[in-house]
Every structure is written in structure tokens, then in C-alpha cells.
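Engineer: Sequence first, then the predicted structure, then my questions.
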Amino acid sequence: MIRRFGIFIALLVVLTGFAGFTSPASAEELVLLNVSYDPTRELWKDINAHFIPLYEKETGNKLTIDQSHGGSSSQARAVIDGLDADVVTLASAIDTDAISKKGLIKEGWVDELPNRSLPYTSTLVFVVRKGNPKGVKDWPDLVKQGVEVITPNPKTSGNGYLTFFDAWGSVVLRGGSEQDAVNYVTELYKHVPVLDSGARGSTTTFVQKGIGDVHIAWENEAHLEVEEAKGQLEIIYPPISIQAEPHVTIVDVNVDRKGTRPAAEAYLNYLYTDEAQEIIAKHFYRPSNQAILKKHAATFPDIKLFNITEIAESFQDAHKKFIADGGVFDSIYKPKVN
């Protein structure tokens with residue numbers, strides 16, 4: 001179990017690679033499936049490229065790691081419905097807990113790995129057109145007349161529900177009342193011309209289709225957009241934004257049935273090594289290793305990052321209050337009729 005051996009294995013990984021795993025008498029061919037949220041394709045492709053040869057060298061086993069990406073909540077439902085994930089690396093604890101409640105992940109999973117199973121954190125930022133023609137600097141600017149906002153659906157996307165939490169926090173954590181927050185999010189979603197199901201879909205809408213004046217994006221996705229747009233887009237860091245917590249964990253029922261637990265454990269523990277933490281920073285996720293985060297301080301501007309517990313008891317409580325059926329979002333959002 002990770003709880004029993006997690007820290008020990010992590011130390012072995014750091015000190016001796018994967019020497020803690022003895023090579024089998026005959027090599028096996030193993031396949032892991034990493035089910036993740038929408039904009040993490042590039043991160044995991046790079047992580048996998050570094051981890052696979054290291055694991056094969058130390059164990060003698062041939063390893064393939066497949067990736068599945070989509071809106072975080074949609075991905076959680078797919079795993080519940082039978083998508084055979086060995087590990088899930090979803091956008092927040094809300095989605096991982098949904099899988100756990102179905103009995104696929106053991107209770108207490110969040111404490112199975114270091115730093116509450118968070119090898120990295122993230123946040124949301126604004127991406128605007130070249131020269132920022134609408135003058136978007138802060139959350140109140142998103143509801144100015146004539147500003148169109150691109151953000152995915154909070155019912156299906158981690159980016160989407162974090163945007164809702166972020167918008168709410170931007171009001172109540174700066175002196176506004178809950179009614180002020182209701183008024184703000186009601187107006188905000190009037191400025192959203194389309195709700196895509198996931199973060200990458202919103203990127204396509206904003207960048208390729210050219211719809212909208214500002215895209216509320218994952219920090220890593222924002223950097224990717226700007227790089228690919230070759231000078232036509234800019235990143236704006238609002239003064240306040242939410243700290244996103246994309247936890248990672250093993251899907252216990254699946255790895256035990258498939259016999260892939262040792263490989264899955266090694267995979268997730270690798271994320272805490274210095275090598276992996278540098279890869280994480282390179283892809284604009286905030287590494288949990290504070291020394292490496294400090295080394296890349298210029299990449300990650302120092303803004304006020306608030307925790308979900310500042311606006312709710314937990315992510316689960318926030319989801320129930322704001323996003324779940326009958327929550328605040330349902331009461332304020334009226335889909336546009338063509």
C-alpha cells in the first residue's frame with residue numbers, strides 16, 4: 001500500500017533510482033493508463049518520456065503509459081463507468097473523491113503520497129488579445145460592457161468550476177457580500193458566449209476560432225497559448241486567484257486486478273524527484289518542492305493565491321454549494337438560445 005511504503009519508496013527513488021524494485025527473472029510488458037484532465041497532455045508526455053526508460057532499466061520490464069484527457073469531471077465519470085485507469089491525475093479532489101466514493105480508490109487516498117498527493121499546484125490567469133484592447137486587468141473588468149469571456153462549463157471541467165470559485169472569491173475576499181458575489185457571477189456568465197466541456201476546448205474556441213476578448217485559463221495553458229500564438233496573445237495575472245490542487249493517486253481496484261501496483265506506485269513517486277519537479281516547472285505547473293519553485297520564481301509571479309477553505313469548508317462543500325445540481329450556478333446561468 002502506498003500509505004505504508006510511500007515515503008520509503010519516494011526516498012529510494014530520490015537516492016537510488018528504482019533500486020528498491022528487483023528485476024524479475026523474465027521481463028514483463030506492462031501498460032499503465034493515466035486518466036488526467038484536459039490541458040495536461042504535454043506535461044505527461046514529457047514525464048512519461050523520462051520515467052519509462054528509467055523504470056525499464058531498473059526493473060527489466062517493458063512499460064507503456066497511455067494517456068486519456070478531457071474535462072476533469074467527465075473523466076471521473078468515465079473511470080466510474082469502467083475506463084480502466086491505473087492512476088488518476090485530475091483537476092481537483094472533487095473528481096477523485098467521486099471515484100473513491102464508488103469504491104475504486106481507498107479512503108484516505110489524499111494522504112498516501114507526500115504533500116497531500118500534490119506534486120504540483122496551479123492557478124488561473126487571463127489570456128487577452130495583443131495589446132489588451134479591452135483593458136482587462138482584474139476580475140471586475142470581465143463584466144465591462146463589450147467584453148466577451150471564454151471559460152469552460154463548471155459542470156464538466158476543472159478549469160470551469162475553479163473559474164466559478166475564483167470569481168466568487170474575487171468578490172467576497174475583497175469585502176463584498178455573498179449577494180454581491182451572486183450578482184457578479186450572474187453578470188459574468190452573461191459575458192460568456194459558449195461553454196465548452198473542457199479547458200482545451202476553450203483554448204480552441206479562443207485561439208483558433210478567435211472568439212472572445214479574454215480567456216480564463218490554467219496558468220500552464222495560458223503559456224502554451226501565448227507561445228503558439230507568436231505574439232498575438234498576452235498573459236494578465238489578476239491580483240487575486242485561486243490555488244488549484246490537482247491531486248494524483250492510484251485507482252486501487254484496477255491496479256490490484258491488473259497487477260500493476262508496483263509500476264503505478266513508482267510512477268507517482270517519481271513525480272517528487274528533482275528531475276520530475278524540474279519538468280513540472282518547465283511546463284508552467286508550480287512544483288511542490290519549494291527550492292525548485294523558488295529557483296523558477298521569475299516564471300511564477302507572486303500574486304495572492306487563496307485556498308478553497310477561504311470561501312467554503314472544502315472543495316466538496318464548494319462543489320455542493322456552487323456547482324452541483326440545484327447550486328448557485330444552476331440558479332444564475334441561463335443558456336443562450338440560438
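Structural biologist: Looks like it came in fine.

Engineer: going forward, measure contacts and count neighbours with C-alpha atoms only.
Structural biologist: Will do.

Engineer: all helices for the stretch 51-200 of the chain, in order.
Structural biologist: For the stretch 51-200 of the chain, the helices defined by DSSP state H, counting those that start in this stretch cover 72-80, 93-101, 114-117, 158-172, 178-190, 199-203.

Engineer: Using CSV, lay out those helices together with mean pLDDT and mean neighbour count.
Structural biologist: Shown next, in CSV, are these (pLDDT from 0 to 100; neighbours: other C-alpha atoms under 10 Å):
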stretch, mean pLDDT, mean neighbour count
helix 72-80, 96, 22
helix 93-101, 95, 21
helix 114-117, 97, 16
helix 158-172, 96, 24
helix 178-190, 98, 17
helix 199-203, 93, 25
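
Engineer: Quick one: closest of those helices to V149.
Structural biologist: Closest to V149 of the helices of the stretch 51-200 of the chain, according to C-alpha to C-alpha: helix 178-190, at 7.9 Å.

Engineer: right, so of the helices of the stretch 51-200 of the chain, which gets closest to S241?
Structural biologist: Closest to S241 of the helices of the stretch 51-200 of the chain is helix 158-172 (C-alpha to C-alpha; 5.9 Å).

Engineer: Work out the gap between the closest one and the centre of the chain.
Structural biologist: In terms of C-alpha atoms, centre = their mean, to the nearest Å, the centre of helix 158-172 is set 14 Å apart from its chain centre.

Engineer: Contacts for it, please.
Structural biologist: Residues from elsewhere that reach helix 158-172 (C-alpha atoms under 8 Å, 6 or more residues apart in numbering): 37, 71-73, 91-92, 124, 139, 151-155, 177-178, 180-182, 184-185, 198-199, 216-218, 240-242, 244, 306, 308, 310-311, 318-319, 322-323.

Engineer: So what angle separates the directions of that helix and helix 93-101?
Structural biologist: Helix 158-172 and helix 93-101 are oriented at 130 degrees to each other (axes from the mean of the first three to the mean of the last three C-alpha atoms, to 10 degrees).

Engineer: quick one, which of the helices of the stretch 51-200 of the chain is nearest to G131?
Structural biologist: Nearest to G131 among these is helix 199-203 (18.9 Å), distances taken as C-alpha to C-alpha.

Engineer: residues near the closest residue to H191 other than its chain neighbours, how many?
Structural biologist: Take H191 and drop its neighbours on the chain: the residue closest to it by C-alpha to C-alpha, 6 or more residues apart in numbering is E148, 5.0 Å away. E148 has 21 neighbours, counted by other C-alpha atoms under 10 Å.

Engineer: cool, and A27?
Structural biologist: A27, neighbours per other C-alpha under 10 Å, totals 12.

Engineer: The one 3 residues further on too?
Structural biologist: Each residue near L30 was counted by other C-alpha under 10 Å, and the total is 14.

Engineer: now swap in E228 and tell me
Structural biologist: Neighbour count for E228, taken as other C-alpha under 10 Å: 12.

Engineer: Dump the helices of the stretch 51-200 of the chain to a markdown table, plus distance to D86.
Structural biologist: As requested, the helices of the stretch 51-200 of the chain are arranged in a markdown table below (distance: least, C-alpha to C-alpha, whole Å):
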| stretch | distance to D86 |
| --- | --- |
| helix 72-80 | 10 |
| helix 93-101 | 12 |
| helix 114-117 | 15 |
| helix 158-172 | 20 |
| helix 178-190 | 36 |
| helix 199-203 | 23 |
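
Engineer: Figure out which of the ones you listed is closest to K45.
Structural biologist: Comparison of those against K45 by C-alpha to C-alpha identifies helix 199-203 as nearest, at 15.9 Å.

Engineer: Okay, now the sheet partners of whichever helix or strand comes after the closest one, with direction.
Structural biologist: Going down the chain from helix 199-203, the next helix or strand is strand 214-218, by DSSP states H and E. Strand pairing for strand 214-218, determined by DSSP bridges: strand 124-129 (antiparallel), strand 149-150 (parallel).

Engineer: okay if I get those as JSON lines plus mean neighbour count?
Structural biologist: Listed next are the strands paired with strand 214-218 as JSON lines, based on neighbours: other C-alpha atoms under 10 Å:
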{"stretch": "strand 124-129", "mean neighbour count": "26"}
{"stretch": "strand 149-150", "mean neighbour count": "26"}
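
Engineer: Save these as TSV, and put in mean pLDDT and distance to V87 too.
Structural biologist: Formatted as TSV, the strands paired with strand 214-218 follow (pLDDT from 0 to 100; distance: least, C-alpha to C-alpha, whole Å):
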stretch	mean pLDDT	distance to V87
strand 124-129	98	24
strand 149-150	98	30
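
Engineer: so which of the helices of the stretch 51-200 of the chain comes closest to E225?
Structural biologist: Per C-alpha to C-alpha, nearest to E225 of these: helix 199-203, 7.4 Å.
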